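Colleague: Sequence unavailable; structure follows:
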Ligand code: SPV
Ligand code: MG
């Protein structure tokens with residue numbers, strides 16, 4: 001399904017961020033067919049910075065919860081693969097075992113830093129990173145492998161980005177994710193036009209949120225990732241509620257602004273458990 005969506009479809013499609021089983025379930029209820037297990041959002045929900053502070057095994061545990069609770073295809077943000085080719089293939093093999101549908105690997109150096117933070121973004125050597133992709137592709141052929149290019153983040157030009165895209169395609173990538181932190185879409189769209197869709201292109205329009213999706217459709221982009229909006233919504237909501245409860249020393253004022261307990265039970269299908277109990281539980 002993820003492969004069909006990213007690699008074989010002519011239609012622009014969307015991945016919604018999830019950082020745990022609950023956010024995945026909410027995205028599924030909203031209608032999303034595939035999810036993005038965001039490194040930033042998962043780190044954030046665990047109280048870590050997006051700088052490889054969370055370990056790869058913590059990441060795969062969260063991914064498993066997202067996969068099992070949603071039964072949707074999940075594209076996992078594998079950062080740079082947590083080391084060299086060996087760490088990258090261990091990550092890929094384990095993600096496959098835990099039910100992920102795909103992984104993105106970015107050409108950053110360990111430990112990475114979130115692409116929007118600071119200026120220290122050394123790029124991996126092309127050959128070395130291609131080895132990470134090849135190793136991943138060998139151990140988990142059926143995972144969709146998205147190569148993420150950080151050249152524009154690292155201050156390099158479009159030529160470097162295109163050069164890398166070709167090398168990563170040769171190394172077995174199924175799609176290319178082009179990253180940039182400019183607040184307009186121009187840089188990604190000029191990449192798409194220079195690349196000519198040798199492989200499908202994935203973009204993450206976090207900073208250029210004003211660009212209408214029709215621009216991506218017209219340019220021939222395959223996949224858009226809404227990368228961190230659930231965790232940011234959760235932070236905004238929790239902040240407001242915590243602030244009010246603290247300030248008002250009570251919960252009366254916020255009750256009508258938050259999800260009811262019945263809605264929580266409905267979201268997590270407590271009714272299914274009741275039906276299962278009626279069917280399977282011994283009654284004496
Ligand atoms: C993530 O969601 O972790 C991403 C996208 O890699 S971003 O945080 O925008 O770099
Ligand atoms: Mg990330």
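Modeller: Great, that's in hand. Bear in mind the structure is a predicted one, so any value in this text is a computation, not a measurement. Residues are numbered from 1 along each chain as shown. Ligands and ions are numbered 1, 2, ... in the order given.
Colleague: what residues does the stretch 1-150 of the chain put near ligand 2?
Modeller: Residues of the stretch 1-150 of the chain lying near ligand 2 by Cβ under 5 Å from the ion: 39, 40, 77. (Glycine included, C-beta is placed from N, CA and C.)
Colleague: So which of those sit within helices?
Modeller: Using DSSP state H, the subset of these located in helices is 39, 40.
Colleague: Of the residues of the stretch 1-150 of the chain next to ligand 2, which is the nearest to ligand 2?
Modeller: residue 39 (3.2 Å; Cβ to the ion).
Colleague: Derive a ChimeraX selection command for the buried subset of the residues of the stretch 1-150 of the chain next to ligand 2.
Modeller: Typed into ChimeraX, the line below selects the buried ones among those, using 16 or more other Cβ atoms under 10 Å:
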select :39,40,77
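Colleague: For ligand 1, tell me which of the residues of the stretch 1-150 of the chain next to ligand 2 show up nearby.
Modeller: 39, 40, 77 (Cβ under 6 Å from any ligand atom).
Colleague: Confirm that residue 148 sits in a strand.
Modeller: Yes - judged by DSSP: H, G, I helix; E, B strand; the rest coil, residue 148 forms part of a strand.
Colleague: Give me the neighbour count for it.
Modeller: With neighbours defined by other Cβ atoms under 10 Å, the count for residue 148 comes to 24.
Colleague: what sits opposite it in the beta ladder?
Modeller: Beta-bridge partners recorded for residue 148 (DSSP bridges): residue 106, residue 177.
Colleague: Buried by neighbour count: which residues of the longest helix along the chain qualify?
Modeller: Using DSSP H, we find that the single longest helix of the chain is helix 229-248. The neighbour-count check on helix 229-248 (16+ other Cβ under 10 Å) flags 229, 230, 231, 234 as buried.
Colleague: How far off centre is that helix?
Modeller: From the chain centre to the centre of helix 229-248 is a distance of 23 Å (Cα atoms, centre = their mean, to the nearest Å).
Colleague: who does it touch, helix- and strand-wise?
Modeller: strand 13-18, helix 21-30, helix 39-45 (3 or more Cβ pairs under 8 Å, 6 or more residues apart in numbering; DSSP states H and E).
Colleague: Beyond it, next helix or strand please.
Modeller: Going down the chain from helix 229-248, the next helix or strand is helix 261-267, by DSSP states H and E.
Colleague: Give me the contact list for the next helix or strand after that following helix.
Modeller: Sequence order places helix 270-280 as the next helix or strand after helix 261-267, per DSSP H and E. Helix 270-280 is contacted by residues residue 265 when judged by Cβ atoms under 8 Å, 6 or more residues apart in numbering.
Colleague: average pLDDT across helix 270-280?
Modeller: Across helix 270-280, pLDDT averages out at 95.
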